[in-house]
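# Here's my sequence, what's the structure:
(chains A, B and C)
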Amino acid sequence: MNIFIHELRFNRKSVLIWSFSLLAFLVFMMSMLPGIAKDGKSLLDMVKNYPPEMMKALGVNVTSLITTLGFFTYLMNYALLIGAIQAMNLGLSLISKENRMKTADFLLTKPVKRSDVYVAKFCSGIVSLIFTNILFVSMSALICTIFKSDDFSMKALILMAFSLFFVQICFYSMGFMISTILKKIKSVVSVSMGIVFSFFIVGILGAIIGDDKIRYISPFKYFDYTYIVKNEGYEWGFLLLALILSAAFTAVGFVIYQKKDIPSV
Amino acid sequence: MTSVIEINKLTKMYGKARGVEDVSFTVEKGEIFGFIGPNGAGKSTTIRTILSLIYPTSGEIKIFGKDAIAESHEIAKEIGYLPSEVFYYDNMKVIDLLKYSASFYKKDCTDRIKQLAKRLNLDLNRKIDDLSYGNKKKVGIIQGLLHSPKLIILDEPTGGLDPLMQQTFFELLKEENEKGATILFSSHILSEVQKMCDRVAIIRDGKIVQVEKISVLKENNYKHIKLETKGDVPLDYFKGSGVQKLEKNHTHISFIYKGNINDLLSRVANINLQNIWIEEPSLEEIFMHFYQKED
Amino acid sequence: MNMYLHEMKTYRKSILIWSVCLVIYFLLSVNKLNALDSAGQDMNKFMEGMPRAIKAIMGGDLDISTSAGYYGVCLVYVFLMGAIHAVLLGANIIAKEEQEKTVEFLMVKPVTRTKILLSKLSATLTNILIFNLVSLGVGLWFFQKFESKTFDTNDLIMVHFGLFLTQLIFMAIGNVVAAINQKSRTAGSISMGILLTTYFLSILVALSEKIDFLKYITPFKYFEVAPIVHGESWGFEYYVISLFIIIGCLISTFVFYKKRDLKV
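Numbering: from 1, shown residues only, chains lettered A, B, ... in the order given. Predicted structure coming up:
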């Protein structure tokens, strides 16, 4: 419990900064919706003549572009990116910072099992992510209601916003596993940026190329917002995939951490 | 006597590189056990395996009769560890770190922290980042002793402490020892070991060379002999079994002797002497023998 | 020279990884171009009439049905990658000595801090040049392969020059953050924060005319691909601002680094 609380306290500043950056982005983007909607209504007819490749590239349903949910879809693409970076940073740093700050000896000579250290750290990160998501989902509902351009399904909106959580869990557990594998991470930001942007760009390329298989590779594409808007539900297959992947990453990291030699200072 | 640490045929390889090989020794309850060897001999590797920070390739370690790997968290309740270099979390005050440290041992350690800090002359309200090396070391000492451990493990602990602080530190250790704590003290500084320890294990190139009582090492085996002769005596005169480090400087001859003292005296009796000194050799001189590689 | 070589060696693996990523990225994205160019539908005029917010949501000013437009869209992410590369490199190359506690080792050697910085900057610059040469090389190959009619080699080189300038700006920002920031550990995060903030700012600027003036404070808006693809050029003011930022940041880097209390 003490490790759990120590980690929460240690990370609170960064969690707050990330959460509020995400909110600031949300507010700024949504505040533009009324203006865009006004401009855009007359263009809807023209938009229908666009080539299909372009529509795919954008990952949005064009006819709903200027609707509240359509615009929120556009926003979510970037919210996921921000969220993924936060989650990856957190996942990578929780274990690896002990090596970087050379406190691993301090912690691991205390009367705690390594498994407890792992679980406590993992849970503290999850709690941080839950905090971010509660804030994000509730503020999304509020802010979309304020700036809405048309009536929308609150259920679909909340489902979309909440997909952030699952994407974050994927990246978080991936980061956790990677930090147990690598001997030493000199710069968490560099590793994190590299991994997250690779997946982000792969996801975009998948959309441009129109190859459905790429959807399975990039967690950014596990949640198809067009589908969510239409069906007011997740694609269970992909939700399951996200959860199974996260569980697998966590389990592999757990096993590796038990057997790992702690590098000396 | 019951043994606190039992190491049996411990081997640790880093890939193909040697860590330690076939290390075995026992530390008895209540003793101060020295662990001595040159840099890179495997002192830290052994200690880190005892603490289960790294895992042995083969062999077995028992602490308080329990398996050091499987029950490490149980064992750790009674262990205090001070590493050779101390680094702590950013942005924490000394007292925060010590409280965090204490929170792992279900005991109230507040009084003990204050008492130790006073003893070591350390301000608890400073930020750790701003402390000097020596003061960080003090934080390390306190976090290692605050839960009154039954086994104290020290890995080259005195670096960075001034002589006065070293004195206080050694006093603290002696007090803990008198209260029943067992101490494993790793060092390459012989005078420290000589001052503190009951027994020592000497490690070189990853292997234990000898485990011996300090008193035995000093008394029974070696004499430092210096002679001043009146005439010239050929150096070869003293060559033979038991004589080491034979040196000659004009009429001065010196060597270290191990063996029957009567044999030596009968040989010395045949020389015309100006002066003679027979001394206990310092540990340094004894250990040089173990340190030097047998080429 | 020894320090320069040392830094080049340190970052050898990193620049190799970045280069491989660039090539893979181009290979993946080029795959689709064949199909696009044959569509041959020039929509530039159509795009011009659209409100900017819609254009931004649709992927910027670029018509991806042409090879030039498609290349531009692909390059948007190369700009982002390049900026990340430059800002992290710029910050880490200075901050790492304190992070890895090697600063004492280095500072007691008979070299001035100015010389240390100069060596580090030249190494950074070399790395950025390699990054640019790789991307330009792949770009040239891209166009040779597809014989684009809408984009000539000069435009291509110009676009890549924009990438280079953007990287220089971010490198200088990374440098100055590392030089001023007292905690070496956070230099990377702060530079990254600046980068992400300006990146998202550029998205916002694309969306709304009301905050158009903000385009001057986000380097992602200075050398965009779209104007070149449309046969225009970048505004002169952007060159001035860039020069100002780069020189300003570099001078501050030297001034602050020289006065800095180095912590271990």
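
# Send me stretch C:154-173 as CSV with only the CA atoms.
C-alpha atoms of stretch C:154-173 as CSV (Å, rounded to 0.1, in the frame of the first residue of the first chain):
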residue,chain,number,x,y,z
ASN,C,154,12.9,22.0,-57.5
ASP,C,155,9.6,22.1,-55.6
LEU,C,156,10.5,18.8,-53.9
ILE,C,157,13.9,20.2,-52.8
MET,C,158,12.2,23.3,-51.5
VAL,C,159,9.7,21.3,-49.5
HIS,C,160,12.6,19.4,-47.9
PHE,C,161,14.4,22.6,-47.2
GLY,C,162,11.4,23.6,-45.2
LEU,C,163,11.8,20.3,-43.2
PHE,C,164,15.4,21.2,-42.6
LEU,C,165,14.5,24.7,-41.3
THR,C,166,11.8,23.3,-39.1
GLN,C,167,14.2,20.9,-37.6
LEU,C,168,16.8,23.6,-37.0
ILE,C,169,14.2,25.7,-35.1
PHE,C,170,13.3,22.7,-32.9
MET,C,171,16.9,21.8,-32.3
ALA,C,172,17.6,25.3,-31.1
ILE,C,173,14.5,25.2,-28.8
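
# So which bits of that stretch are buried?
C:155-156, C:158-160, C:162-173 (16 or more other Cβ atoms under 10 Å in any protein chain shown). All C-beta atoms are positioned from the backbone trio N, CA, C, and that covers glycine.

# and it with chain A, contact?
No. Using Cβ under 8 Å from any Cβ of the partner chain, we find that stretch C:154-173 stays clear of chain A, coming within 12.7 Å at best.

# can you give me how far that stretch is from the chain middle?
6 Å (Cα atoms, centre = their mean, to the nearest Å).

# same question, stretch B:81-98
Stretch B:81-98 sits 23 Å away from the centroid of its parent chain (Cα atoms, centre = their mean).

# Report whether that stretch contacts chain C.
Yes. Against chain C, stretch B:81-98 shows contacts by Cβ under 8 Å from any Cβ at B:D90.

# A:D261 contacts B:Y55, doesn't it?
Yes. At 6.3 Å, A:D261 counts as touching B:Y55 under the criterion of Cβ atoms under 8 Å.

# got the contact list for the closest residue to B:A76 other than its chain neighbours?
Counting by Cβ to Cβ, 6 or more residues apart in numbering or on different chains, B:A76 lies nearest to A:P111, which is 3.8 Å off, once chain neighbours are set aside. Contacts for A:P111 (Cβ atoms under 8 Å, 6 or more residues apart in numbering or on different chains) come out as B:73-77, B:104-105.

# Does C:A95 touch C:N175 like I think?
No. In this structure, C:A95 is not within contact of C:N175 by Cβ under 8 Å, at 9.9 Å.

# So those two - more neighbours on which side?
Taking other Cβ atoms under 10 Å in any protein chain shown, C:A95 and C:N175 do not tie; C:N175 has more neighbours (32 against 26).

# tell me the SS of that one?
With DSSP: H, G, I helix; E, B strand; the rest coil as the basis, the three-state label of C:N175 is helix.

# cool, the one 4 residues further on as well?
When classified by three-state DSSP, C:A179 comes out as helix.

# With the one 3 residues further on instead?
In the three-state summary, C:Q182 is assigned as coil, counting by three-state DSSP.

# gap between it and B:T229?
68 Å (Cβ to Cβ, to the nearest Å).

# These two: which has the busier surroundings?
Using other Cβ under 10 Å as the criterion, C:Q182 and B:T229 rank with B:T229 on top: 19 against 10.

# got a pLDDT number for the closest residue to the more buried one other than its chain neighbours?
Nearest residue to B:T229, sequence neighbours excluded (Cβ to Cβ, 6+ apart): B:T251, at 5.0 Å. Looking at B:T251, its pLDDT reads 82.

# show me what contacts B:T251?
Contacts of B:T251 by Cβ under 8 Å, 6+ apart are B:228-232, B:274.

# Who wins on neighbours among those residues?
Using other Cβ under 10 Å as the neighbour criterion, B:T229 leads the contacts of B:T251 with 19 neighbours.

# Return the residues in contact with it.
Applying Cβ under 8 Å, 6+ apart to B:T229 gives the contacts B:251, B:253, B:271-274.

# For the stretch 151-264 of chain C, which residues are neighbours of chain B?
By Cβ under 8 Å from any Cβ, the residues of the stretch 151-264 of chain C that approach chain B are C:183, C:185, C:263.

# what's the answer for the stretch 1-150 of chain A, then?
A:2, A:6, A:10, A:101-106, A:108-113, A:116.

# Now the buried members of the residues you listed.
A:6, A:10, A:102-106, A:108-112.

# out of the residues you listed, who's nearest B:D155?
A:D105 (9.2 Å; Cβ to Cβ).

# give me every residue that touches the closest one.
Shown in contact with A:D105 (Cβ under 8 Å, 6+ apart): A:262, A:264-265, B:48, B:51, B:53, B:81, B:83.

# Quick one: buried ones out of those?
Neighbour-count burial (16+ other Cβ under 10 Å) is assigned, among these, to A:262, A:264, B:48, B:51, B:53, B:81, B:83.

# what's near enough to touch the fourth one?
By Cβ under 8 Å, 6+ apart, B:L51 lies in contact with A:105, A:108-109, B:68, B:72, B:76, B:79, B:81, B:153.

# try it again with 10 Å
By Cβ atoms under 10 Å, 6 or more residues apart in numbering or on different chains, the contact set of B:L51 is A:105, A:108-109, A:262, B:61, B:63, B:68, B:72, B:75-76, B:79, B:81, B:83, B:153, B:155.

# Is it correct that B:Y257 is in contact with B:K239?
No. The criterion here is Cβ atoms under 10 Å, and B:Y257 misses it with B:K239 at 12.0 Å.

# and B:K106, how many neighbours?
By other Cβ under 10 Å, 9 other residues sit near B:K106.

# Quick check: phi and psi on it?
The phi and psi values for B:K106, taken as degrees, to the nearest 10, are phi -60, psi 60.

# pretty sure it is touching B:H147, no?
Yes. B:K106 is in contact with B:H147 according to Cβ under 10 Å; the separation is 9.5 Å.
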